[in-house]
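Q: sequence-free structure coming up:
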């Protein structure tokens, strides 16, 4: 005759064994998939090469659709998963992934030239001809810059970069780095609700 507590003891032992086995399998799965993709590395775990800057436009050479790509190298002894799914341990010399940088669409219109034309020859409409607005340039030429008032207004609009080239591109600015960015509010702008004190 079997003791009734022995059956209960064997069920508890068996359920504890199954529980420990499931936990072991879970930890093995977590440890096996602990390697993140190379794109999700944190700052300090990789370094990106500086983009090659075009001397004529002061923008990255490989700028297409307002995005430029640079190569990034993970630090030595960092393991990550490449885009094809293979895990790789880097020595610090290999390219691990590419990172996107924002860039501007420029097509050959210089900011300095536009401002100089507006200041000195704006009353003849040269600034509007240069930026690709021939109708406004002809109108300014015939009215001598709208009697000087239109020339002054155009000079202010061009110098604040409100009026740009007619092909909707950006001006070429003579340095690479921080520059004026125009902010605007449209119907797609998300407005954050104000918190009351």
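A: That came through fine. Just so it is clear, the structure is predicted and the values come from calculations on it, not from any experiment.

Q: By residue count, tell me the biggest strand in this structure.
A: If you go by DSSP state E, the chain has its longest strand at strand 67-74.

Q: Show me what it is packed up against.
A: Packing contacts for strand 67-74, counted by 3 or more C-beta pairs under 8 Å, 6 or more residues apart in numbering; DSSP states H and E, involve strand 46-48, strand 97-102. All C-beta spots, glycine's among them, are computed from the backbone N, C-alpha and C.

Q: in it, what counts as buried?
A: By 16 or more other C-beta atoms under 10 Å, the buried positions in strand 67-74 come out as 68-70, 72-74.

Q: How far away from the center of its chain is that strand?
A: Strand 67-74 has its C-alpha centroid displaced from the chain centroid by 12 Å (C-alpha atoms, centre = their mean, to the nearest Å).

Q: just checking, next helix/strand downstream of that strand?
A: strand 79-81 (DSSP states H and E).

Q: May I see the buried residues of stretch 111-123?
A: For stretch 111-123, the neighbour count (16+ other C-beta under 10 Å) marks 111, 114-118, 121-123 as buried.

Q: could the helices and strands packed on strand 67-74 be laid out in CSV, adding distance to residue 169, mean pLDDT and mean neighbour count?
A: Formatted as CSV, those follow (distance: least, C-beta to C-beta, whole Å; pLDDT from 0 to 100; neighbours: other C-beta atoms under 10 Å):
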stretch, distance to residue 169, mean pLDDT, mean neighbour count
strand 46-48, 26, 92, 16
strand 97-102, 15, 90, 13
